[in-house]
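Colleague: what would the 3D arrangement of this be:
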Amino acid sequence: MATWNDYSVSLAPQISGFGNPNMTGADYRTVKCEAPSFSFDTAVTELALLTGQIGAAPERVIGRRSGTFGFKIPLEGLKSGYDPTLENPGSAGVIPPWMCLVANALGSNVAAVANAANFWNGAHMNNSTYQASGVASATTTAITYDAPGAFADVDAGDLVLTAESPTSTTLQLGFAKSAAGNVVTLFEASKNAVNSNTADNYGTATGWLSAAAYSQIPMTIKFTGQDATLAYIMQDFVVEGFQVTWNSGEVPTVTINGKFYDFAMDKTAGGLVVPAAFDRVPQIVGSVNGYASLAGSQKCGMESCTLDYAIEVVDIVCHAASQGISAVAYRNPRIRASVQVLHDTADTVYDSAGNAGNVGSHQWQSFFERGVTTSIGCYVGSKVGRAWAFLIPAAYFTAVATEKRGEFLAYKLDVEATNYTGDTAIHTETTTDSPLDSIFRMGVG
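Modeller: Numbering: from 1, shown residues only. Alright, predicted model coming up:
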């Protein structure tokens, strides 16, 4: 007898849509995650049926099968051994699977995905490419390129990454906001300015929350054990949300949660699978260009930092469909972030009209009461291939609480992304095929 005590989690996109599990082995990618949390659920109706015998349990009437599945991944950058001078995000095997899954959940540009290879290559993301010696000069808020062709595929909303070499430990990271001539302006000041006329522009992959969040591509999960007989196949897996942690001094993580609509054992599909190797995103510290921003500038003293995406999934029932569900519909996608921030003597006090002074409301309480939007973001990268960042360009405060953190006074801030139209198209990009004016964007490079 062999128990089931080791696991692999592999996923494949269902390009043919809901109700069509993907059973093609080459379409699967295995994720390097913690042991997943899951439930296999079978609907049961208990009826007080008359059994005709004292003490006999009544029959249970069995209904459809479904379940939930979740897994946590320390964030990965691009593939191990990535050579940015020879390949770019969008090339086969370069983008980590977790980023493909997150971009799919956000919608990004899922209409661009035609097959499984497209999906795992990141066709639904906005991908930029390497340009050797493309940079002329830079400040923390703007990068001057040698010519517009040096940023020909950098669109508004994209993550921008420049450095003097692929192994440089000084990166300039930021999200493009607009361009004029040869100058690309960033949404907010970066930690570094790679002010060198020999610096290169490096490829990145950016996902964003788009209207296509209502068109998420369902996945098939292959959950396997150490023996060839140990495998569960879960079809029609859809993401209901994910949470990213981005605490100072820690490697950021993402936890992806969702539901599936049918499952079956397959005694021929088991066995452990070694995931493809990707470079780990480093811990968020200054020595690897770590940087967190709040209200457009660097902010220290932030703890308990989380980023959450949630979308409601509604079942569309059909008597003729497998398990009685023919499709799902989505509604109310939301991006939320939460941080705890220490009180600082430099914090501003505002009166009821929003004028700075000595008497009134602390700035976070004032922003909350006056409906002032703020931005929030995080950036880190030890070298090309190990960079990650996210940005919420405009968010409303949904709650502000004054509390103690140990012996210190702190504020717990909860924000929710709202409408934003501050970007300007750099080329011919639109809100459909790029992160232009997106209320949330995340990238790797």
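
Colleague: how close does Gly107 sit to Asp315?
Modeller: 19 Å (C-beta to C-beta, to the nearest Å). Glycine gets a C-beta too; all of them are placed from N, C-alpha and C.

Colleague: higher neighbour count, these two?
Modeller: Taking neighbours as other C-beta atoms under 10 Å, Gly107 and Asp315 compare with Gly107 leading, 24 against 16.

Colleague: export stretch 282-297 to CSV, keeping only CA atoms.
Modeller: Provided in CSV are the C-alpha atoms of stretch 282-297 (Å, rounded to 0.1, in the frame of the first residue of the first chain):
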residue,chain,number,x,y,z
PRO,A,282,14.3,39.0,-3.9
GLN,A,283,13.2,40.2,-0.5
ILE,A,284,12.0,43.8,-0.5
VAL,A,285,14.9,45.8,0.9
GLY,A,286,16.8,48.8,-0.3
SER,A,287,20.0,46.9,-1.2
VAL,A,288,18.1,45.2,-4.0
ASN,A,289,16.3,48.4,-5.1
GLY,A,290,13.2,47.8,-2.9
TYR,A,291,10.9,50.8,-2.7
ALA,A,292,7.3,51.3,-1.6
SER,A,293,5.3,54.4,-2.3
LEU,A,294,2.2,56.0,-0.9
ALA,A,295,0.5,59.1,-2.2
GLY,A,296,3.2,59.4,-4.9
SER,A,297,6.4,59.3,-2.7
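
Colleague: what ranges do the helices span in the stretch 301-445 of the chain?
Modeller: 363-370 (DSSP state H, counting those that start in this stretch).

Colleague: now do the buried residues in stretch 247-263.
Modeller: 247-248, 251-263 (16 or more other C-beta atoms under 10 Å).

Colleague: show the end-to-end separation of it, please.
Modeller: Stretch 247-263 has an end-to-end distance of 36 Å (criterion: C-alpha to C-alpha, to the nearest Å).

Colleague: over to stretch 249-264?
Modeller: 42 Å.

Colleague: how distant is it from the center of its chain?
Modeller: 11 Å (C-alpha atoms, centre = their mean, to the nearest Å).

Colleague: what bits of the chain have low per-residue confidence?
Modeller: 1 (pLDDT under 70).

Colleague: could I have the longest helix seen in it exported to CSV, CA atoms only?
Modeller: Ranked by residue count, the top helix of the chain under DSSP state H comes out as helix 97-106. Extracted in CSV, the C-alpha atoms of helix 97-106 (Å, rounded to 0.1, in the frame of the first residue of the first chain):
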residue,chain,number,x,y,z
PRO,A,97,3.3,30.7,-14.7
TRP,A,98,2.0,32.6,-11.7
MET,A,99,2.2,35.9,-13.7
CYS,A,100,0.3,34.3,-16.6
LEU,A,101,-2.4,33.1,-14.1
VAL,A,102,-2.7,36.5,-12.4
ALA,A,103,-2.9,38.4,-15.8
ASN,A,104,-5.6,35.9,-16.9
ALA,A,105,-7.6,36.5,-13.7
LEU,A,106,-7.3,40.3,-14.2
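
Colleague: surely Asp41 and Gly63 touch.
Modeller: No - counting by C-beta atoms under 8 Å, Asp41 stays clear of Gly63, with 9.9 Å between them.

Colleague: just to revisit the earlier point, for the helix or strand just after the longest helix of the chain, packing partners?
Modeller: Next along the chain after helix 97-106, taking DSSP states H and E as the criterion, comes helix 116-121. With contacts taken as 3 or more C-beta pairs under 8 Å, 6 or more residues apart in numbering; DSSP states H and E, helix 116-121 sits against strand 8-13, helix 97-106.

Colleague: from the middle of its chain, how far away would stretch 370-390 be?
Modeller: 12 Å.

Colleague: oh, that last question was meant for stretch 43-62, not what I typed.
Modeller: With C-alpha atoms, centre = their mean, you get 46 Å for stretch 43-62.
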